[in-house]
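Engineer: show me how the following folds:
(one chain, ligands or ions: 1)
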Amino acid sequence: MRKFKFLIIVVLLGVGCKKTTQSKHDIIRQTVHESLKTEKYRPKFHFTPKANWMNDPNGLVYYTENYHLFYQYYPDSTVWGPMHWGHARSKDLLNWEHRPVALYPDSLGYIFSGSAVMDKNNTAGFGQDAMIAMFTYHDPIKEKAGANDYQTQGIAYSTNEGETWTKYEGNPVIKNPGIRDFRDPKVFWNEDLSKWQMVLVAKDHVQIYESENLKNWTKISAFRYADHPPLGVWECPDLFKLKVAGTDEEKWILIISHGGESAPNGGSGTRYFVGGYDGTTFTTEQEEGQWIDYGTDNYAGVTYNNTPNKKRLFIGWMSNWNYAVVTPTETWRSAMTLPRELLLIKKDNTYLVKSKPIVDFESLLVDIPESEISGSVPTNFRYDRLQQSVISFDTELQGAMAFELSNTIGENYKMEYNSDNGVFSIDRSASGHVDFSEAFRKSSHQKMNIGQRTNLSITIILDASSVEIFIDDGAYVMTTQVFPNENYTHFKTYLNQDTTIKNFKIKKVKEIW
Ligand code: FRU
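Structural biologist: The predicted model follows:
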């Protein structure tokens, strides 16, 4: 009996011990989880770093069921600093798993933006299926000393799906020819030529390179575009092919982000050119640059390499250099945009790149019980979780229509479309915190010309600190950040008698944490 009792105690202790270690773990996890959930402005379904500063998405590559997202990261502060590559991965581009920091600065400099590929044929000799990152080394000491050649290109490889990395001992693989802004390599496998090719920005133009082994690179052409006046510094290029929807016509798309005050609504923004690429030179007949997003908060976006279904999947940094370092979040800074699929359409002889939320985003949407909504849907109602929802509708209209999101303390975010002049606009001047930055305040009124229309379809995706507006299935997009003092809970439309709303839907978006 004694022996038996002892055994029972041992078993109980054993179970108890196991439970204690496990629950400690659980408590830590739970605390991080809970703090993410309750932090003001922490997005519920957009990617954010657990803590500290993030900017551009980097190294977007798919491999064995995972979409990898590397990103410009400063792990020691909530403002920009010596750049690392942070790392996360996801099976669906929506639910993310944070991974250890991937790339750290070294004697050649900080690790600026770049891309990643899977070396299926072991062309570099780092192993079959090595994940190879190409990035810019930014040498702050040289920069301070006034040199021009402080940015060079380096590579690193990982043979364990991006968990740990080795930098190539022959870095830099591309030296600087004396150009102050020489960065952001986007490598891709050109399947028409069976070669690695790469686009790189050099201050005010793009350079195109190619390589057999990702180590030795030859410059093959340059693309310039005479903007009057010139736009700000060229950053984060991308070059890829898209089929015009519903046809067999193929075009090449060149994406460029521009710093400074270049974007349609101020600050930094991302535009694209549609054209031809013969394997060496990119050309376009486009008369002016078009923009991936007309809102102020989608920058440095690029697309995934190696996607399983050949979809062109895009992620942007949901901020703007004009005010990114002072946005009112406390423990982290910046989120990524919702992942978007890029599609090409031809409209009145003009090519247009559409960006729409990836199809899988639907899996996060749930119906809202009627009891959670009060007032008159769709024209004036209250829903307490509005800032975690998707509102969509079609409208037939004449003249102007307006709609707004608001909270109980009088803050609001206004949207308006006027079919007389074809302008869609937003007003975030009374949206909440706007005075943390003069530039943010100045960008209160934003607009885009979408043409004079009598039919529109509108989708508004709301998270804790962002509003993403997709018009006509992503033909025109406006992404903006908002920082209300209290969540928005009300939606209201202002319609004249010639305007109707159809197919109205509001759904809740499940949180990803
Ligand atoms: C774009 C950018 C890139 C650079 C990186 C530095 O936002 O300026 O050109 O590589 O950020 O963090």
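Engineer: phi first, then psi, for the residue of the stretch 251-400 of the chain found nearest the ligand.
Structural biologist: Nearest residue of the stretch 251-400 of the chain to the ligand (C-beta to the nearest ligand atom) works out as Ala300 at 4.1 Å. Glycine gets a C-beta too; all of them are placed from N, C-alpha and C. Dihedral pair for Ala300: phi 60, psi 20, per degrees, to the nearest 10.
Engineer: now it, nearest residue through space, not along the chain?
Structural biologist: Nearest residue to Ala300, sequence neighbours excluded (C-beta to C-beta, 6 or more residues apart in numbering): Asp56, at 3.8 Å.
Engineer: surely the residue of the stretch 251-400 of the chain closest to the ligand touches Glu235?
Structural biologist: Yes - with contact defined as C-beta atoms under 8 Å, Ala300 reaches Glu235; the gap is 6.4 Å.
Engineer: between the two, which is the more surrounded one?
Structural biologist: Ala300 (25 against 21; other C-beta atoms under 10 Å).
Engineer: still on that earlier bit, show me the contacts for the residue nearest to Ala300.
Structural biologist: By C-beta atoms under 8 Å, 6 or more residues apart in numbering, the residues touching Asp56 are Tyr71, Gln72, Ser113, Cys236, Tyr299, Ala300, Val302, Trp317.
Engineer: tell me the spacing between it and Val101.
Structural biologist: Noted for Asp56: a distance of 15 Å to Val101, by C-beta to C-beta, to the nearest Å.
Engineer: Tyr351 now?
Structural biologist: With distances taken as C-beta to C-beta, Tyr351 is found 39 Å from Val101.
Engineer: between Ala300 and Glu235, what contacts are shared?
Structural biologist: Counting by C-beta under 8 Å, 6+ apart, the shared contacts of Ala300 and Glu235 are Ser113, Ser257, Ser268.
Engineer: so which of these comes closest to Thr307?
Structural biologist: Ser113 (19.7 Å; C-beta to C-beta).
Engineer: give me the number of residues near that closest one?
Structural biologist: Ser113 has 28 nearby residues by other C-beta under 10 Å.
Engineer: tell me the contacts of it?
Structural biologist: Contacts of Ser113 were listed using C-beta under 8 Å, 6+ apart, and they are Asp56, Asn58, Gln72, Phe135, Thr136, Arg183, Asp184, Glu235, Cys236, Ala300.
Engineer: which ones among the residues you listed map onto strands?
Structural biologist: Asp56, Asn58, Gln72, Phe135, Thr136, Arg183, Asp184, Glu235, Cys236, Ala300 (DSSP state E).
Engineer: which bits of this protein sit near the ligand?
Structural biologist: Within reach of the ligand by C-beta under 6 Å from any ligand atom, the chain has these residues: Asn55, Asp56, Gln72, Met83, Phe112, Ser113, Thr136, Arg183, Asp184, Glu235, Cys236, Ala300.
Engineer: now the fourth one, nearest residue through space, not along the chain?
Structural biologist: Translated: Met83. Nearest residue to Met83, sequence neighbours excluded (C-beta to C-beta, 6+ apart): Tyr110, at 4.2 Å.
Engineer: quick check: which element contains that neighbour?
Structural biologist: Using DSSP states H and E, Tyr110 falls within strand 110-119.
Engineer: strands paired with that strand, and their directions?
Structural biologist: Strand pairing for strand 110-119, using DSSP bridges, gives strand 130-138 (antiparallel).
Engineer: next, the distance between the ends of stretch 459-473.
Structural biologist: In stretch 459-473, first residue to last residue: 8 Å (C-alpha to C-alpha, to the nearest Å).
Engineer: buried ones in it?
Structural biologist: Using 16 or more other C-beta atoms under 10 Å as the test for burial, stretch 459-473 gives 459-472.
Engineer: surely Ser371 is within a helix?
Structural biologist: Yes - the assignment for Ser371 by DSSP: H, G, I helix; E, B strand; the rest coil puts it in a helix.
Engineer: count of neighbours near it?
Structural biologist: Applying other C-beta under 10 Å, we find 6 residues neighbouring Ser371.
Engineer: Gly451 now?
Structural biologist: Look at Gly451: counted by other C-beta under 10 Å, it has 14 neighbours.
Engineer: so who does it touch?
Structural biologist: Gly451 makes contact with Gly422, according to C-beta under 8 Å, 6+ apart.
Engineer: that one in helix, strand or coil?
Structural biologist: Using three-state DSSP, the structure places Gly451 in coil.
Engineer: which phi and psi does it have?
Structural biologist: Backbone dihedrals for Gly451, given as degrees, to the nearest 10, come out at phi 90, psi 160.
Engineer: use 521 as the first number from now on
Structural biologist: With 521 as the first residue, the last one maps to Gly971.
Engineer: Pro1004 versus Asp947, what's the distance?
Structural biologist: Shown here: Asp947 relative to Pro1004, a distance of 14 Å by C-beta to C-beta.
Engineer: what comes up buried for stretch 873-881?
Structural biologist: By neighbour count on 16+ other C-beta under 10 Å, the buried set for stretch 873-881 is Val873, Lys874, Ser875, Lys876, Pro877, Ile878, Phe881.
Engineer: give me the beta-bridge partners of the fifth one?
Structural biologist: In this structure, Pro877 bridges to Arg860 when assessed by DSSP bridges.
Engineer: wait, it sits on Leu862?
Structural biologist: No - with contact defined as C-beta under 8 Å, Pro877 does not reach Leu862; the gap is 11.7 Å.
Engineer: which strand residues bridge His607?
Structural biologist: Beta bridges link His607 to Phe590, Arg619, judged by DSSP bridges.
Engineer: go ahead and confirm it touches Leu589.
Structural biologist: Yes - with contact defined as C-beta under 8 Å, His607 reaches Leu589; the gap is 7.4 Å.
Engineer: and the helices in this structure?
Structural biologist: Remark: helices assigned in the chain by DSSP state H are 522-558, 660-664, 958-962.
Engineer: mean pLDDT lowest for which of the ones you listed?
Structural biologist: For these, mean pLDDT drops lowest on helix 522-558, to a mean of 44.
Engineer: now stretch 807-823: mean pLDDT?
Structural biologist: Mean per-residue pLDDT for stretch 807-823: 94.
Engineer: return the set of buried residues in stretch 684-692.
Structural biologist: Trp685, Lys687, Tyr688, Asn691, Pro692.
Engineer: before we move on, back to that, what would the shared contacts of Ala820 and Glu755 look like in TSV with pLDDT?
Structural biologist: Compiled in TSV, the shared contacts of Ala820 and Glu755 are given as follows (pLDDT from 0 to 100):
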residue	pLDDT
Ser633	98
Ser777	98
Ser788	96
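Engineer: and Ala653, what are its bridge partners?
Structural biologist: Per DSSP bridges, the residues bridged to Ala653 are Ala636, Ala676.
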